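> Any chance you can model this:
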Amino acid sequence: MNHPRSQLDGLIHQPVRFSILAALDAADEVVFGVLRDALGVSDSVLSHQISLLEKGGYARVRKGHVGKRPRTWLSLAPEGRKAFHRHLAALRQIVAHVPGALT
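Sure thing, here's the model as predicted:
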C-alpha cells in the first residue's frame, strides 16, 4: 500500500501556492492586491507563485482597468480546483493514517 503522501501535488505543496489556492477556492475571483495583502506577501512573491500556478493550468489571470487604474484578477481554473481538492484529500488521509507500529 502506498502512503497517502504519494498523492500530494508538488506544485500545490509549497506554502504560498497552497495559500493562494485555498483563497481562490473560496471565491470566484480575487483582486491581486487583496490577495497579496491577505497572504502577507510582496507583489513579486505573489506574481511569481501565480505565474507557476498559471503555467501548471491551476490558476487564471485576467487583466483590465477600473477607470484608469490597471487591475489584475485571479481565479482558480477547473483543473486547479480538482487538484486542490485532491491535495486536501491526501492531507486528510495523512492525518488519519496511523501506522500500526506507532500504536
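> So for the residue most central in space within the chain, what's the pLDDT?
Closest to where the C-alpha atoms of the chain average out (CA atoms, centre = their mean) is residue 21, at 2.2 Å. You'll see residue 21 listed with a pLDDT of 98.
> how about the nearest residue to it, chain neighbours excluded?
residue 84 (4.5 Å; CB to CB, 6 or more residues apart in numbering). C-beta: built from backbone N, CA, C; applies to glycine.
> Kindly provide the distance from the one you found to residue 11.
10 Å (CB to CB, to the nearest Å).
> cool, residue 77 as well?
Taken as CB to CB, the span from residue 77 to residue 11 is 12 Å.
> quick one: common contacting residues for those two?
Residues within reach of residue 77 and of residue 11 at once, by CB atoms under 8 Å, 6 or more residues apart in numbering, are residue 58.
> Tell me where the longest helix sits in the chain.
helix 78-96 (DSSP state H).
> Show me what that helix is packed against.
Under the contact definition 3 or more CB pairs under 8 Å, 6 or more residues apart in numbering; DSSP states H and E, helix 78-96 sits against helix 10-13, helix 15-25.
> Show me what the last one is packed up against.
Put plainly, it is helix 15-25. Against helix 15-25 (3+ CB pairs under 8 Å, 6+ apart) you get helix 10-13, helix 32-39, helix 43-55, strand 59-66, strand 69-76, helix 78-96.
> still on that earlier bit, shouldn't the residue nearest to the centre of the chain be in contact with residue 11?
No - with contacts counted by CB atoms under 8 Å, residue 21 stays clear of residue 11, the gap being 9.4 Å.
> Common neighbours of those two, please.
Shared contacts of residue 21 and residue 11, counting by CB under 8 Å, 6+ apart, come down to 53, 58.
> next one: stretch 34-50 to chain centre, how far?
12 Å (CA atoms, centre = their mean, to the nearest Å).
> ends of that stretch, how far apart?
14 Å (CA to CA, to the nearest Å).
> likewise stretch 62-82?
With CA to CA, one end of stretch 62-82 sits 20 Å from the other.
> Likewise for stretch 28-42?
22 Å.
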